[in-house]
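Peer 1: With the sequence up front, the predicted model follows.
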Amino acid sequence: MNKVLFFLFIMVSTSAFCQVDSLVIKNDKKTIVQKKFNSSNLEKYKNDKDFNYQEDVVNEDPSIFEKIFSWFGRQLLRFLEWLFGVEYAKGIFASILSAIPYLIAAIVLFLILKFFLKVNSKSIVNSAKNEAIVSFSEEEEVLKNKDILKLIDDAILQKNYRLAVRYSYLNILKHLENKEFIVWEQQKTNEDYIKEIKPVLLKQSFVNLTRLYDFVWYGNFGINETEFVQIESDFKQTHNLIVKK
């Protein structure tokens, strides 16, 4: 029995060795090409700005405004840390910083609105003063005033050139009525007076004068001394046409 077992052991071992010896190792016969680095290509890429990923860092000193803002921020952060504690101070500080641009925009908008409201209020007050001096209900009194030229001079002395234009126009209406070119009535408009004037040159001159008067008085446009001098020459031209007729 032992001989039989020994024989079987020999047979199994021999079979195993035969299997191992039957393995064939294959050699790779492919040719390996060695890669070489081209230094000229490297220089080309170095000189190409599209391949330049280096960022120039410029160290600039903070401006005075930035220093003040930084100091103010530090003081505010310290105050918030003292008030709310270190844990919540930074969150509150970040919220305040994010709200600053909106706060500045609101202040600028407020100042702009305040400026325009102030200008408009002054315009309304000045308009009310001028209308209080010469209203439509007082036109008849002004036209019948024998010293209307003095009213013009007083307005010029006060540098109230809009009012001087107003008196000058009423003075023209007074001369037109005296020369019977128009019939003055309180309910009439300037267009009514234009239709009543028959002489062509006088009518055209009065039309230009009326347009100028409406622009200055009813348009509520302030004029300076130089502008009034130019307007005054137009009044004199119309006045001379009335006197010549």
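Peer 2: Looks like it arrived, so ask away. In this text, all values refer to a predicted model and were calculated from it rather than measured experimentally.
Peer 1: From residue 229, how far out is residue 155?
Peer 2: Distance of residue 155 to residue 229, computed by C-beta to C-beta, to the nearest Å: 14 Å. C-beta here means a position set from N, CA and C on the backbone, and glycine is covered the same way.
Peer 1: got it, and residue 222?
Peer 2: For residue 222, the distance to residue 229 - C-beta to C-beta - is 15 Å.
Peer 1: List the residues that contact the nearest residue to residue 165 once chain neighbours are set aside.
Peer 2: Of all residues not flanking residue 165 in the chain, residue 216 sits nearest, at 4.9 Å (C-beta to C-beta, 6 or more residues apart in numbering). Neighbouring residues of residue 216 by C-beta atoms under 8 Å, 6 or more residues apart in numbering: 162, 165, 223, 231.
Peer 1: Kindly present those residues as CSV, with separate columns for distance to residue 179 and neighbour count.
Peer 2: Shown next, in CSV, are the contacts of residue 216 (distance: C-beta to C-beta, whole Å; neighbours: other C-beta atoms under 10 Å):
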residue, distance to residue 179, neighbour count
162, 27, 18
165, 21, 24
223, 28, 16
231, 22, 20
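Peer 1: How is the chain divided into domains?
Peer 2: 65-127, 134-244 (automatic domain parsing).
Peer 1: could those domains be laid out in TSV, adding distance to residue 44?
Peer 2: Formatted as TSV, the domains of the chain follow (distance: least, C-beta to C-beta, whole Å):
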stretch	distance to residue 44
domain 65-127	42
domain 134-244	71
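Peer 1: Buried deepest among the ones you listed, which one?
Peer 2: Among the domains of the chain, ranked by average contacts under mean count of other C-beta atoms under 10 Å, first place goes to domain 134-244 (a mean of 15).
Peer 1: Quick check: mean pLDDT of that domain?
Peer 2: Domain 134-244 carries an average pLDDT of 86.
Peer 1: Offset the numbering so it begins at 827, please.
Peer 2: Noted, 827 is the first residue going forward, which turns the last one into domain 960-1070.
Peer 1: Report the separation between residue 1015 and residue 1044.
Peer 2: From residue 1015 to residue 1044 the distance is 12 Å (C-beta to C-beta).
Peer 1: er, residue 970 I mean
Peer 2: Residue 970 is 23 Å from residue 1044, by C-beta to C-beta.
Peer 1: and residue 1048, what does it touch?
Peer 2: By C-beta under 8 Å, 6+ apart, the neighbours of residue 1048 are 987-988.
Peer 1: Phi, psi for it please.
Peer 2: For residue 1048, the backbone dihedrals (degrees, to the nearest 10) come out as phi -80, psi 140.
Peer 1: how close does it sit to residue 968?
Peer 2: As for residue 1048, its distance to residue 968 is 21 Å (criterion: C-beta to C-beta).
Peer 1: what helix or strand is residue 920 on?
Peer 2: Element membership of residue 920, judged by DSSP states H and E, is helix 912-959.
Peer 1: Next secondary structure after that helix?
Peer 2: Helix 912-959 is succeeded, C-terminally, by helix 965-969 (DSSP H and E).
Peer 1: That next one packs against which elements?
Peer 2: Contact partners of helix 965-969 among helices and strands, from 3 or more C-beta pairs under 8 Å, 6 or more residues apart in numbering; DSSP states H and E: helix 987-1004.
Peer 1: Only C-alpha atoms, please: export the helix it packs on in PDB.
Peer 2: Extracted in PDB, the C-alpha atoms of helix 987-1004 (Å, rounded to 0.1, in the frame of the first residue of the first chain):
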ATOM      1  CA  TYR A 987     -35.400 142.700 -13.300                       C
ATOM      2  CA  ARG A 988     -38.400 140.400 -13.800                       C
ATOM      3  CA  LEU A 989     -40.600 143.000 -12.100                       C
ATOM      4  CA  ALA A 990     -38.900 145.800 -14.300                       C
ATOM      5  CA  VAL A 991     -39.900 143.800 -17.400                       C
ATOM      6  CA  ARG A 992     -43.500 143.500 -16.000                       C
ATOM      7  CA  TYR A 993     -43.800 147.200 -15.500                       C
ATOM      8  CA  SER A 994     -42.100 148.000 -18.900                       C
ATOM      9  CA  TYR A 995     -44.700 145.800 -20.600                       C
ATOM     10  CA  LEU A 996     -47.600 147.500 -18.800                       C
ATOM     11  CA  ASN A 997     -46.100 150.800 -19.900                       C
ATOM     12  CA  ILE A 998     -46.200 149.700 -23.500                       C
ATOM     13  CA  LEU A 999     -49.900 148.800 -23.100                       C
ATOM     14  CA  LYS A1000     -50.500 152.200 -21.600                       C
ATOM     15  CA  HIS A1001     -49.000 153.900 -24.600                       C
ATOM     16  CA  LEU A1002     -50.900 151.700 -27.000                       C
ATOM     17  CA  GLU A1003     -54.100 152.600 -25.300                       C
ATOM     18  CA  ASN A1004     -53.200 156.300 -25.300                       C
END
